[in-house]
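Undergrad: 3D, please:
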Amino acid sequence: MATQTGKKYKAAVAKVDRNKRYNIAEGFKLLKETTEIVKTKYDQTVDVAINLGIDPKHADQMVRGAVVLPHGTGKSMRVAVFAKGEKQSEATAAGADIVGEADLAKKIEEGFMDFDTVIATPDMMGVVGRLGKVLGPRGLMPNPKTGTVTMDLAKAVKESKGGKIEFRAEKAGIVHAPVGKSSFTAEKLAENFNTLIDLVMKMKPATAKGVYLKGVTVSATMGPGIKLDTSEVTARHK
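TA: Prediction:
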């Protein structure tokens, strides 16, 4: 089986011209072709890596945000909410999977991690703050900048369930984010990507020098990387 997978992967790689920068429509069409070659029993995640000309070590150059993808992520998101009183009922009615306060914090401290997103009301951040060592490294710490610290729990839960993704630049200035699944059409993947990249472009820090969008690569879980032509994106944002 490993040999067959190896052969399939090589066949997929052979379809990609490593020296070419594909336009967005071409790139996602090619990605679909490569996932047809390297078939898997599961629906592969399609990720993008956006290389930015920033230095995230400087707080004024950090690029971080959240966006609702028009076609969702293709993943069923499990949402945990920290709230009390009537706000718990609001979260549950909106579709939250787990709702609690100190009791939920204790469960997480004991190892419970059966969720993909954490949302909290501002008055619960004293409790949530103690979970920084657990949630922080996993990128799950609620943050006002991404809309996950809010009193409007109904909106936050529905957005998380409806395809909202959070992103942030890593040490090397690269943003990694999912834009869908390999079962999506090339058009839907491209539309999700455009929604994400347009927000990233709008978030260019005033202190960033030189070329802001240095490169974009798209790939499926088991597929080769496909480099996109950044001029198509930058032309939209001149």
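
Undergrad: ok, and what's touching the biggest helix by length in the chain?
TA: Using DSSP state H to assign secondary structure, the helix with the most residues in the chain is helix 186-202. Contacts made with helix 186-202 from outside it, assessed by C-beta atoms under 8 Å, 6 or more residues apart in numbering, are listed as 24-25, 27-29, 31-32, 46, 48, 50, 52, 63, 65, 67-71, 165, 167, 175, 177, 179-180, 184, 212-213, 216, 218, 233-234, 236-237. For every residue, glycine as well, the C-beta is placed using N, CA and C.

Undergrad: among these, which ones are buried?
TA: When burial is judged by neighbour count using 16 or more other C-beta atoms under 10 Å, the buried members of the contacts of helix 186-202 are 24, 27-29, 31-32, 46, 48, 50, 52, 63, 65, 67-69, 71, 165, 167, 175, 177, 179-180, 184, 212-213, 216, 218, 233.

Undergrad: show me the contacts of helix 186-202 that map onto helices.
TA: When DSSP H is applied, the contacts of helix 186-202 are split such that Ile24, Ala25, Gly27, Phe28, Lys29, Leu31, Lys32, Val233, Thr234, Arg236 fall in helices.

Undergrad: low pLDDT regions in this structure?
TA: Counting by pLDDT under 70, the ranges of the chain that qualify are 1-5.

Undergrad: quick check, central residue of this protein?
TA: Nearest to the mean C-alpha position of the chain, by C-alpha atoms, centre = their mean, lies Ala177 at 3.4 Å.

Undergrad: quick one: the nearest residue to it once chain neighbours are set aside from Gly223, how far?
TA: Distances taken as C-beta to C-beta, 6 or more residues apart in numbering put Phe167 closest to Ala177, at 4.5 Å, once the chain neighbours are dropped. Phe167 sits 21 Å away from Gly223, taking C-beta to C-beta, to the nearest Å as the criterion.

Undergrad: residue boundaries of the strands in this structure?
TA: Under the criterion DSSP state E, the chain contains strands at 45-52, 64-68, 79-82, 98-100, 117-120, 164-168, 174-181, 213-220, 226-228.
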